[in-house]
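> Build me a model:
(one chain, ligands or ions: 2)
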Amino acid sequence: MSSRYQREREVALEAVRTACLACRNVRSAVDPAKLDKSDRSPVTIADFASQAIVCRAIRRSFPDDPIIAEEDAAALQKAEMAEFRGRIAAEVTAVGIEADAAQVCEWIDEGHATEFSPRFWTLDPIDGTKGFLRGGQYAVALALIVEGEIVLGLLGCPNLVFDPDRADGPVGAISVAERGAGISVMAIDSDETADVRVSSTSETSQLRLCESVESGHSSHGHSAQIAEELGISSDPVRLDSQAKYATVARGEADLYLRLPTRPGYVERIWDHAGGVLVVEEAGGTVTDVDGKPLDFTKGAGLSANRGVVASNGTAHEAVLAAVRKAGV
Ligand SMILES: Nc1ncnc2c1ncn2[C@@H]1O[C@H](COP(=O)(O)O)[C@@H](OP(=O)(O)O)[C@H]1O
Ligand SMILES: [Mg+2]
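Residues are numbered from 1 along each chain as shown. Ligands and ions are numbered 1, 2, ... in the order given. This is a model prediction of the structure:
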């Protein structure tokens, strides 16, 4: 695979892999230590450790690149958070990056950018924090955006089986996509690599649909209507995080629907950028529910779009027609 962004890929892959290992370590501890953010969504030691690891790596290799990331260290600065800060530093140190609490907070805050710029990274240190907490799917999601176009997309999925045909095979898969250069999936714990491609299913009644576990993140009612319209009789597969994009990319599912639950919710770029390129480079198509391409020039939010439809491409137009019929 010829690569225009070879160095960026290497740095990003190493950082995402290390962040995945830190997340796993926290997950296997008795208490992943959760805080509730001001919007009442959960955040854990692992979210902060992952963000510190990835932001540090990008800052060292690409000092001028802004990073738009989900977390910030503001809540960690309070005096009563000293132990929590110390635990984050210990988790970062445990994966081979020696750091104290102050250093870790500085790295986390490297992800403070919010505005569009000609070249920037976007990071979700743990996408699907609810999935992480319940032992389900989650992802470390990283993308590089140049002139509004995603050029690199990585999804580290520590709980995703590497090869869907080997259910008892290795667990942990990192999808790495580069625009125009394809996608490969790497095992987290070995050098095993796989080429993947979306499915070729065109018969709409045969489409395997995936969606969020959380009905507050995507309307399950509308997706049931759309499935009925398409003649789909199988139940949707529900999983947390951008692991949904990874499953569409490797043909394990044919369709991922993210349907607005309320008017005015603006999707965050870090919840999609990595996954979008992973699906596109595997041969699939991603638009919003109105059929428009996702617009990554608006800062941290996808304010020009509503919802997301990611498919194997073949079925995309038929799905959009069903989405319109359902009145999404
Ligand atoms: N009302 C809403 N509609 C769509 N997405 C939402 C939402 N409220 C929160 N989210 C996002 O949904 C993400 C999880 O998606 P999924 O349901 O596919 O696992 C969360 O990411 P984090 O887990 O990183 O906070 C959060 O950003
Ligand atoms: Mg997220």
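
> who in the stretch 201-328 of the chain is up against ligand 1?
S212, E214, G216, H217, D240, S241, T261, Y265, R268, D271 (Cβ under 6 Å from any ligand atom). Backbone N, C-alpha and C define where each C-beta goes, glycine included.

> Go through these and give me the one with the most neighbours.
S241 (29 neighbours; other Cβ atoms under 10 Å).

> does that residue really touch G128, like I thought?
Yes. The pair S241 / G128 is scored as a contact, 2.7 Å apart, by Cβ atoms under 8 Å.

> Which neighbours do the two have in common?
Q137, Y138, A139 (Cβ atoms under 8 Å, 6 or more residues apart in numbering).

> Neighbour-wise, which one of those residues leads?
Neighbour max across these (other Cβ under 10 Å) = A139, 35 neighbours.

> how near is that residue to S3?
Using Cβ to Cβ, to the nearest Å, one obtains 22 Å as the distance from A139 to S3.

> what's T297 sitting at in phi/psi?
Here is the backbone geometry of T297 (degrees, to the nearest 10): phi -110, psi 10.

> which bits of the protein sit near ligand 2?
D124, D127, D271 (Cβ under 5 Å from the ion).

> can you do 8 Å?
Residues of the chain found near ligand 2 (Cβ under 8 Å from the ion) are E70, D124, I126, D127, G128, T129, A141, S241, Q242, R268, W270, D271.

> any chance of those in JSON lines, with secondary structure and pLDDT too?
Formatted as JSON lines, the residues of the chain next to ligand 2 follow (DSSP: H, G, I helix; E, B strand; the rest coil; pLDDT from 0 to 100):
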{"residue": "E70", "secondary structure": "coil", "pLDDT": "97"}
{"residue": "D124", "secondary structure": "strand", "pLDDT": "98"}
{"residue": "I126", "secondary structure": "strand", "pLDDT": "97"}
{"residue": "D127", "secondary structure": "strand", "pLDDT": "98"}
{"residue": "G128", "secondary structure": "coil", "pLDDT": "96"}
{"residue": "T129", "secondary structure": "helix", "pLDDT": "92"}
{"residue": "A141", "secondary structure": "strand", "pLDDT": "99"}
{"residue": "S241", "secondary structure": "coil", "pLDDT": "98"}
{"residue": "Q242", "secondary structure": "coil", "pLDDT": "98"}
{"residue": "R268", "secondary structure": "strand", "pLDDT": "98"}
{"residue": "W270", "secondary structure": "helix", "pLDDT": "98"}
{"residue": "D271", "secondary structure": "helix", "pLDDT": "98"}
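
> with those residues in mind, which one is nearest to R27?
I126 (9.9 Å; Cβ to Cβ).

> Against ligand 1, how distant is the residue nearest to G169 when sequence neighbours are not counted?
Once flanking residues are discounted, G169 sits nearest to D163: 5.1 Å by Cβ to Cβ, 6 or more residues apart in numbering. Separation of D163 from ligand 1 (Cβ to the nearest ligand atom, to the nearest Å): 23 Å.

> pretty sure D163 is in a helix, no?
No. Assessed with DSSP: H, G, I helix; E, B strand; the rest coil, D163 is coil; it does not lie in a helix.

> ok, now how distant is it from E317?
Taken as Cβ to Cβ, the span from D163 to E317 is 31 Å.

> what do you get for R324?
11 Å.

> Could you pull up the residues touching R238?
C210, E211, S212, V213.

> and the residue in the stretch 101-250 of the chain positioned nearest to ligand 2, what is it in contact with?
Distances between the stretch 101-250 of the chain and ligand 2 by Cβ to the ion are smallest at D127, namely 3.5 Å. Shown in contact with D127 (Cβ under 8 Å, 6+ apart): Y138, A139, V140, A141, S241, Q242, W270, D271.

> how near is the residue with the largest distance to the centre of the chain to ligand 1?
Largest separation from the mean C-alpha position in the chain: A79, at 31.9 Å (Cα atoms, centre = their mean). According to Cβ to the nearest ligand atom, A79 stands 26 Å off from ligand 1.

> got a list of what that residue touches?
Here A79 is in contact with no residues (criterion: Cβ under 8 Å, 6+ apart).

> And it, how close does it get to D72?
For A79, the distance to D72 - Cβ to Cβ - is 18 Å.

> Also P42?
Where D72 is concerned, P42 sits at a distance of 15 Å (Cβ to Cβ).

> which residue ranges form the helices in the stretch 51-200 of the chain?
Using DSSP state H, counting those that start in this stretch, the helices of the stretch 51-200 of the chain run over residues 82-94, 101-108, 129-133.

> low-confidence ranges in this protein?
1, 30-35, 37-41 (pLDDT under 70).

> Now do the helix of greatest length in it: which elements does it pack against?
The single longest helix within the chain, with elements called by DSSP state H, is helix 6-28. The contact analysis (3 or more Cβ pairs under 8 Å, 6 or more residues apart in numbering; DSSP states H and E) places helix 6-28 against helix 45-61, helix 82-94, strand 139-146, strand 149-161, strand 171-178.
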